[in-house]
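Peer 1: Below is the sequence, then the predicted model.
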Amino acid sequence: MSSMNRTQTQSGTLSHLTLTFDRPMSESEIEFLRSSTNAAMALRIPSSVKAAYDREKTLQFSQSSEPDVGRLLSVLSAMLPREGRVLELGTGAGVGLAWIVHGVADRGDIRVISIERNPNNAALIGAADWPEWVSIMVGDGAELMKTLGLFDLIFADTPGGKVYGLEHTVAALQPGGVLLLDDMDWDRSEDPERIARLAYVRNQLFGNSKLCCTELALSSGVILAARKRQ
């Protein structure tokens, strides 16, 4: 027997689906599930990430990154160099942080800092079972980041550091470091001010000679920017 949990976007389309089972699954049963699109999606969402999505209800937070962005974040986290450092701007419900931890796995040489402006949210998320190398800080990420040194991966998921103070975010990248931004698809918005902000971000990144950038038609729209080594 299985239980099913569905999470839907505001438009009503399925964002992710999770199945849990009360007995071990045989190889043939798992293969059958993989042949189903929705079930395959469920199998690709780790339990720690599922717990983070569930926290959205408690926090009444609906702006977490979509699973496709999370999986990309997880892959980038798995590629970190030895003694790598990760910065997340905007902890939210902890979804992005959970994807980062999933990618890092059981490495003990990585350090992850996530900055959340809302102290109540930070306290709730900080009480979850994170590895000891994860730190959650309270404050304005755009300001705190100036004092935290350089990072190999930055996930900027809040206006402070993503739109405002973007130059400080770029300056916090190690040579070879990667910056990930989501929600960059301006076709999803009809708000002129939002479209202007997204255009500003693109211009700042793609016009920076120190960066190598690409835009991915993935989920809510993704920009990846790597700081050149020379």
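Peer 2: Nice, thanks for sending it over. Not measured: the values here are computed from a predicted model. Numbering: from 1, shown residues only.
Peer 1: so what's Phe206 up against?
Peer 2: Each residue near Phe206 by C-beta atoms under 8 Å, 6 or more residues apart in numbering is listed here: Cys213. All C-beta spots, glycine's among them, are computed from the backbone N, C-alpha and C.
Peer 1: Ok, Glu116 next?
Peer 2: For Glu116, the contacting residues are Gly90, Thr91, Gly92, Ala122, Ile125, Ile136, Met137, Val138, by C-beta under 8 Å, 6+ apart.
Peer 1: Just send the residues you listed back as a markdown table, with pLDDT, distance to Leu198 and secondary structure too.
Peer 2: Formatted as a markdown table, the contacts of Glu116 follow (pLDDT from 0 to 100; distance: C-beta to C-beta, whole Å; DSSP: H, G, I helix; E, B strand; the rest coil):
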| residue | pLDDT | distance to Leu198 | secondary structure |
| --- | --- | --- | --- |
| Gly90 | 93 | 17 | coil |
| Thr91 | 92 | 22 | coil |
| Gly92 | 88 | 19 | coil |
| Ala122 | 92 | 27 | helix |
| Ile125 | 91 | 27 | helix |
| Ile136 | 96 | 28 | strand |
| Met137 | 96 | 27 | strand |
| Val138 | 96 | 28 | strand |
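Peer 1: What's the ChimeraX line that selects buried ones from the residues you listed?
Peer 2: Selecting only the buried entries of the contacts of Glu116 in ChimeraX, with 16 or more other C-beta atoms under 10 Å as the criterion:
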select :90,91,92,122,125,136,137,138
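Peer 1: Tell me, domain by domain, which residues of this protein belong where.
Peer 2: Following automatic domain parsing, the chain resolves into domains at 2-44, 67-227.
Peer 1: worst average pLDDT in those?
Peer 2: Among the domains of the chain, domain 2-44 carries the lowest mean pLDDT, at a mean of 54.
Peer 1: quick one, what contacts the residue nearest to Leu198 when sequence neighbours are not counted?
Peer 2: Sequence neighbours aside, Trp186 is the residue nearest to Leu198 in space, at 4.6 Å (criterion: C-beta to C-beta, 6 or more residues apart in numbering). Shown in contact with Trp186 (C-beta under 8 Å, 6+ apart): Arg194, Ile195, Leu198, Ala199, Gly221.
Peer 1: In strands, which of those residues fall?
Peer 2: The strands in this structure, assigned by DSSP state E, contain none of the contacts of Trp186.
Peer 1: For Val86, which three-state class applies?
Peer 2: strand (DSSP: H, G, I helix; E, B strand; the rest coil).
Peer 1: which residues does it bridge with?
Peer 2: Counting by DSSP bridges, Val86 forms beta bridges with Val112, Leu153.
Peer 1: Leu211 too?
Peer 2: In this entry, Leu211 is beta-bridged to Arg227, by DSSP bridges.
Peer 1: I figured it hits Ile223, correct?
Peer 2: No: using C-beta atoms under 8 Å, Leu211 makes no contact with Ile223, being 10.1 Å away.
Peer 1: Look at those two and report which has more neighbours.
Peer 2: Counted by other C-beta atoms under 10 Å, Leu211 and Ile223 do not tie: Ile223 has more neighbours, with 20 against 17.
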